[in-house]
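[1] next comes the sequence, and after it the predicted model I'd like to discuss.
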Amino acid sequence: MITKALRVYIGDAEDGKQVLLENKNDNTAVLFQSDVCADLTFEEVSTIKKHCERLTDVYASFGVLILFNDNGEKELRYLGLVSGCTSVGKINNIEVFCVTEVQFVELANDYPLEKTNACKRFLTQGTFFFGIDENENNYDITANMQQRFSSGIKTDHRFLWNRSLFTHPLKFMIDINKWFVSLICGCVSIATLYCGSQQARAAILSRVSAERAGARFQVRGVDDEGRVANFVETEQIVALGNKMSTFTQIRGSVPLFWEQTGFQVGSHKITITRGYELTQVAYDKHMSILKSRYGLIMILNLLSNKPDTDEGHLSMQYQSHHDDSIHDDVLMRNFDYHSSCKGGKTDAINTLYKDIETFVGYCGVWKLTDVETNGVQEGILRTNCLDCIDRTNSVQMFISRKMLYHQLEHIAAIGQIEKFTSALEKCWLNNANLVSRVYCGTGALKTANGKMSMLTDATRSVKRTIKNNFLDEDRQGAIEELLMYPSKPLPPIISTSERFLPKSFINNLLEESREFCEKVPIRVSVGTWNSNGGVVYFLGIAK
C-alpha cells in the first residue's frame, strides 16, 4: 500500500521562486530555491510553510529534470513527481507500482512547463515502475535478485532510468534514497496463486537498459563502449513461503555497427556503418561486459540465414565477428526462426532447446531460502532477432517454461507446475507487449504461443509503421532528455558517464584542457580500388 506522503508547496522568495517538498510522515522537507536545494529541519519547515501555499500531494518524487532553453545555454530545472500509480503486486514484502501520471513543477518562474510534455508522455506509457517496502521507503528494483542477495549489489545503474535526475540534489548532499524513488523501464508482471493454504508468487521482471536507449529505427547495434540497443534483462521469479528461485535471460541488438535509415515500410534496408576491424573491437568489448556480469555466455541468433537478404547478410557478419573474437569460450547457436517456425508452428524450438539444454542445465537457476543462497545461476543466454522483440519473446518464453521445473523443485511446488505455467504465460504475454512498447511504440506480434489474431497483428503492424516513421523522433527526444544525453557529441576527454557533471565544470575543463592535453599529429589515408570484375570478383579477393 502506498499513500500520498509527499506534499508540495510553492512560494515567492526575494531572489525568485521557492518550492518545498515535505514528507508528511516526519515533517522534514527539501527546499529548492535559487538553483540550490537543502534539507530542512522540522522548525525550518514550519517557518517557511507560513510563506508558501500548498500545491499538491503526490505519491513519490523521482528527481530534478534538467533541460535547456532554446539556445542551449541556460539550464531549466523541474521537480518530477509521481501523481498517479497502480500496484502490480508484491514479491515478499516489496510492492511494485506502475507510474500512470506524472507532474513537473518548475523551480523558477521563467521556466516554460511545456518543455516537459514529451518526457511526461514517455513516462506515463505504462512501462515505468518503482518499488516500496512495507515501511513506505524506496526499494531499489534495478538489481536482480541474485545481485542483491548473493552479491550485495543494491543498485544496477544500467537500469536506473532517473539517474540523471539525481545529479542536482546530490550536489547538495540530499539523501536520495529518502526523497526519490528509483525508476526502471520495462515490465513487472506479478501473479498470485495458491498452493494449498499457502500464497505463492510468479512474476516476470524485465529491465530495459538506459545505457544505449532509444526508439526502434533511431538506435541500432553497438556503440564504441560495447553497449547495445534494446538491451533487456528478464527475470522469471517464483516464490513460496521462505523460498524463492529466479531464472534470468538477456536480449540485445546485434553487437555490430548497423542501422536502418529512410522511410521504413515492409522490408527494411540494413546498412553496415563501420569497418570490420573497428567493429571487432566493439564486439569484443560487448562480450567482455557480458562475461564480467553474467559468467558463461551463449548467443542465440534468431536472424534469417538466407545470404541474399539484408538480414541474412547481417547474420553472416555476426557469425564472422564471433569467429574472429578473442572470446572463444562464448558459444553461438544460429536458428532461422522465420524459416523454422513458418505458419506459427513452434515445434522446431524443441530441437533448438535440445541443442542448448546442456548449457542451460549447467548454468542452473538461482535459489534462496530465507536469506541464504542455495545455488546461483552460473551463466546466461543472450538472445537476439532483428528488433529483439517478437521472435526473441517467443524463444525466451519457451526456455523459461523448461527451466520452471528446476525453480519449482527448489520451492517444493512441482505438483503445481500447471498452475504456475498458466500464470507465467500471462506474465510473459504482458512482458512482450510492454517491452515492445518501449522500443517499437506498440504491443508485440504473435506473442501468446504464436496465437494472436491476424487482425490484431495487422493493426499493430500498421501502428508500428506510422509510429516508427513519424513519431519516433519525439520519443527519442524524450528519452535523451530524461537520460540527459548531450545534444552535441562530447569531446574525447569527456567520457559518457561524465556527462552528469555540471555544465559549467565541463566548460571550464575544456577551456583548461590545453594545460594537460597534448596534440599529436596523425595521418589518414583514403584509397579507392577498381575491382575490375564486379562485386563477385571483389568479394572473392576479400575472402
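    Structure's in. What do you need? Remember, predicted model here, so these are calculated numbers, not experimental data. Numbering: from 1, shown residues only.
[2] OK, contacts around the closest residue to Asp140 other than its chain neighbours?
    Ranked by Cβ to Cβ, 6 or more residues apart in numbering and with sequence neighbours excluded, the top spatial neighbour of Asp140 is Ser182, at 4.5 Å. Using the backbone N, CA and C atoms, a C-beta is placed for each residue, glycine as well. Applying Cβ atoms under 8 Å, 6 or more residues apart in numbering to Ser182 gives the contacts Phe130, Gly131, Asn138, Asp140, Ile141, Thr142, Thr155, Leu160, Asn162.
[3] Gln236 reaches Leu404, doesn't it?
    Yes. With contact defined as Cβ atoms under 8 Å, Gln236 counts as touching Leu404 (7.2 Å).
[4] same for the strand or helix carrying Arg148, what does it pack against?
    Applying DSSP states H and E as the criterion places Arg148 in helix 145-150. With contacts taken as 3 or more Cβ pairs under 8 Å, 6 or more residues apart in numbering; DSSP states H and E, helix 145-150 sits against strand 243-251, strand 366-369.
[5] out of those strands, which gets nearest to Arg54?
    Nearest of the helices and strands packed on helix 145-150 to Arg54, taken as Cβ to Cβ: strand 243-251 at 42.4 Å.
[6] list the buried residues of the longest helix belonging to the chain.
    The single longest helix within the chain, with elements called by DSSP state H, is helix 417-440. Residues of helix 417-440 classed as buried under the neighbour-count rule (16 or more other Cβ atoms under 10 Å) are 419-420, 423-425, 427-440.
[7] that older thread, closest to Val64 among the contacts of Ser182?
    Asn162 (9.7 Å).
[8] the closest one: what's it in contact with?
    With Cβ under 8 Å, 6+ apart, Asn162 has these contacts: Phe62, Gly63, Gly80, Phe180, Val181, Ser182, Leu183, Leu482.
[9] and Ser400, by the same measure?
    Per Cβ under 8 Å, 6+ apart, neighbours of Ser400: Gln236, Phe247, Gln249, Leu424, Trp428.
[10] one more time with 10 Å, if that's ok
    Ser400 makes contact with 204, 234-236, 247-249, 381, 407, 424-425, 427-428, according to Cβ atoms under 10 Å, 6 or more residues apart in numbering.
[11] rounded mean pLDDT for stretch 77-94, please.
    Here stretch 77-94 scores 95 as its mean pLDDT.
[12] so how far is it off the chain centroid?
    Relative to its parent chain, stretch 77-94 has a centroid offset of 17 Å by Cα atoms, centre = their mean, to the nearest Å.
[13] out of the helices and strands packed on helix 145-150, deepest packed?
    Counting by mean count of other Cβ atoms under 10 Å, strand 243-251 has the highest mean neighbour count of the helices and strands packed on helix 145-150, with a mean of 24.
[14] so what does the helix or strand that that strand is followed by touch, helix or strand wise?
    Following strand 243-251 in sequence order, the next helix or strand is strand 258-259 (DSSP H and E). Secondary-structure packing of strand 258-259 (3 or more Cβ pairs under 10 Å, 6 or more residues apart in numbering; DSSP states H and E): strand 271-272, helix 310-323.
[15] export those to JSON lines and tack on mean neighbour count, mean pLDDT and distance to Glu114?
    Formatted as JSON lines, those follow (neighbours: other Cβ atoms under 10 Å; pLDDT from 0 to 100; distance: least, Cβ to Cβ, whole Å):
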{"stretch": "strand 271-272", "mean neighbour count": "14", "mean pLDDT": "94", "distance to Glu114": "36"}
{"stretch": "helix 310-323", "mean neighbour count": "18", "mean pLDDT": "96", "distance to Glu114": "40"}
